[in-house]
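this one's structure only:
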């Protein structure tokens, strides 16, 4: 793997536990080390924090402003951290809601150093209510001005990169580091076709409304073949989901929260992994266990992971689409085994944290960088 010869600084609003393996691997690829500037989430977000082993974590003081569509965050101590760490390069979240980023970019540029933005892309802008009707155009131009402060952009997905390019950001300074939270799996699980009456469906994630686990329970009741349904996770909706299951699908098993190696037996016993709502990172772990997947469309990450050869994408909140995908999946059990093998190939060869680090190092070492 290529390396970055300098000292790297990396800013995040928060430091979730699922990002720690990537940050540590990136830190190990920097000869001068890496310092990570990140603060605490809002209590309502319930984001479990992580502690890196190799990246040097400096705690930011996050000041959370407003809420909903008006949310913004100011990170106190950003410039002081830059002065103390004195990085040759900075990677920062490309989010205009983070109000201290512009000052940090100016600090770096004043010293002839480059800054790379890292982001999801450009979400669709909703029209404002101004009489001129020019709200979207003005906001798009403001968004582009913000993005052009960065010397390069790394997008989470191909869709995100295309959104940046469509807004007007130079394509030659765009990179795609496919969003991943898992290392490349080392061993392809040996899965044989199961009997039609013994197919296992697995969900792993937080039990909250947007995950649409209620749709999954109802679909299992309607799909016809009575699959084994195992739900791993906890959250505010658990009691209501258990009540729903008792009414419409009593065979559903609620396991509670499991993490890390505790999840392995559940992946091993499953034949199909389903994420019927938005969010959720367990799909990559399911694919590393050789499982085909059904997922709801989201930020573009799903477009890269889930293809016709290894799964199905559905629209969020579209119950008929979920039911149709599940009926299709369960209509050919040997096909599930073949699709699972392609899932494994995708995460072992294309989308994993090692590949992410390679793209970050490529961006840092690009010919334009440091000129």
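The structure has been received and is ready for your questions. These numbers come from a predicted model, not from an experiment.

output the below-cut-off pLDDT ranges for the stretch 251-371 of the chain.
For the stretch 251-371 of the chain, residues meeting the criterion pLDDT under 70 lie at 299, 368-371.

now do the strands in it.
Using DSSP state E, counting those that start in this stretch, the strands of the stretch 251-371 of the chain run over residues 253-256, 272-275, 293-296, 311-314.

just name the most buried of those strands.
Compared across these, strand 272-275 shows the largest average neighbour count, a mean of 28 (mean count of other CB atoms under 10 Å). For the C-beta atoms, the positions are set from N, CA and C on the backbone; glycine is no exception.

doesn't residue 215 make contact with residue 319?
Yes. Under the criterion of CB atoms under 8 Å, residue 319 makes contact with residue 215 at 5.1 Å.

who has more neighbours, those two?
residue 215 (22 against 16; other CB atoms under 10 Å).

and that one, that's in a helix?
Yes. Assessed by DSSP: H, G, I helix; E, B strand; the rest coil, residue 215 belongs to a helix.

what separation is there between it and residue 322?
5 Å (CB to CB, to the nearest Å).

what touches both of these two?
residue 276 (CB atoms under 8 Å, 6 or more residues apart in numbering).

where along this protein do the helices fall?
20-28, 78-85, 101-110, 135-147, 158-167, 213-222, 238-248, 264-269, 282-288, 301-305, 319-330, 333-349, 353-364 (DSSP state H).

now these in JSON lines, please, with extra columns for distance to residue 205.
Putting the helices of the chain into JSON lines (distance: least, CB to CB, whole Å) gives the following:
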{"stretch": "helix 20-28", "distance to residue 205": "19"}
{"stretch": "helix 78-85", "distance to residue 205": "33"}
{"stretch": "helix 101-110", "distance to residue 205": "30"}
{"stretch": "helix 135-147", "distance to residue 205": "31"}
{"stretch": "helix 158-167", "distance to residue 205": "22"}
{"stretch": "helix 213-222", "distance to residue 205": "8"}
{"stretch": "helix 238-248", "distance to residue 205": "12"}
{"stretch": "helix 264-269", "distance to residue 205": "12"}
{"stretch": "helix 282-288", "distance to residue 205": "6"}
{"stretch": "helix 301-305", "distance to residue 205": "14"}
{"stretch": "helix 319-330", "distance to residue 205": "15"}
{"stretch": "helix 333-349", "distance to residue 205": "17"}
{"stretch": "helix 353-364", "distance to residue 205": "20"}
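
which of those helices is buried the deepest?
helix 282-288 (a mean of 24).
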